[in-house]
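Q: sequence-free structure coming up:
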């Protein structure tokens, strides 16, 4: 594989992955970061599926947070990476699996049009607490309003049952409980644990870059991967 598709989570934009995308492109990886915010999980999945379908070969697809629900519904992927992300089984949604932490819930501000936004100061605490201040401020500045209901969407298929998959548990996450992450990680073929908060693509992009490069070169298939936990500080 030579292609990677990066799928952001709720409130985020493709630009949040810019450090990772630039690092991968610098070594010859074809990177696509589709825009979500299509109004529903079904529409978000369709947008990413369209990006996958035009690539010359099945890509590695990385989903962060809610992006895990999106990539779970895809077809034709070469490898899946769940980064502090939801891994729904049949009939499950992100909200049903546990949804947002109390810190993240406290940051959510309803808007008059039915959408929600994140209060900047509280968003830092939930999403970027371990990131350098200037990067946290940059990331908060990119956050956008989120339509209601996406987290309650149920994927139509479970791609992790059909393609090699890896899960990254973010052990210092304040948005999605690391305990819940470990439960979902058990559905994947291999597990890594990073001593980071919810958004290592902002504060530790080299971790994400190195992982993607490693997995692009990997040849393991489901059932052959090491199910032990690899910890990175």
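A: Nice, I can see it. Everything quoted here is computed from the prediction, not taken from an experiment. Residues are numbered from 1 along each chain as shown.
Q: nearest residue to the middle of the chain?
A: residue 64 (0.8 Å; C-alpha atoms, centre = their mean).
Q: quick one: that residue and residue 8 touch, right?
A: Yes: counting by C-beta atoms under 8 Å, residue 64 touches residue 8, with 5.9 Å between them. (C-beta placed from N, C-alpha, C; glycine too.)
Q: quick one: the helices in the chain?
A: All helices of the chain, identified by DSSP state H, fall at 18-25, 41-53, 67-72, 94-97, 102-107, 120-127, 133-142, 178-185, 200-203, 205-217.
Q: so what's the residue count around residue 26?
A: 9 (other C-beta atoms under 10 Å).
Q: quick check: mean pLDDT across stretch 140-151?
A: The pLDDT scores in stretch 140-151 average 95.
Q: quick one: contacts of it?
A: 10-13, 15-16, 37, 39-41, 44, 66, 69, 93-95, 99-100, 111, 114-118, 120, 123-124, 127-128 (C-beta atoms under 8 Å, 6 or more residues apart in numbering).
Q: distance of residue 188 from residue 16?
A: 23 Å (C-beta to C-beta, to the nearest Å).
Q: could you do residue 29 as well?
A: Using C-beta to C-beta, residue 29 is found at 18 Å from residue 16.
Q: settle it for me: which of these two has more neighbours?
A: residue 16 (23 against 19).
Q: tell me which residue of this protein is furthest from the middle?
A: residue 112 (28.0 Å).
Q: need the per-residue pLDDT for it.
A: Residue 112 carries a pLDDT value of 94.
Q: same deal with the one 4 residues further on?
A: On pLDDT, residue 116 comes in at 96.
Q: so what's it closest to, chain neighbours aside?
A: For residue 116, ignoring the flanking residues on the chain, the nearest one in space by C-beta to C-beta, 6 or more residues apart in numbering is residue 108 at 5.0 Å.
Q: what sits against that neighbour?
A: 100, 116-119.
Q: distance of the closest residue to residue 137 other than its chain neighbours from residue 185?
A: Spatially, and ignoring its direct neighbours in sequence, residue 137 is nearest to residue 124 (7.9 Å; C-beta to C-beta, 6+ apart). Note on residue 124: its distance to residue 185, by C-beta to C-beta, is 26 Å.
Q: then residue 150?
A: 22 Å.
Q: where does this structure dip in pLDDT?
A: 99, 219-233 (pLDDT under 70).
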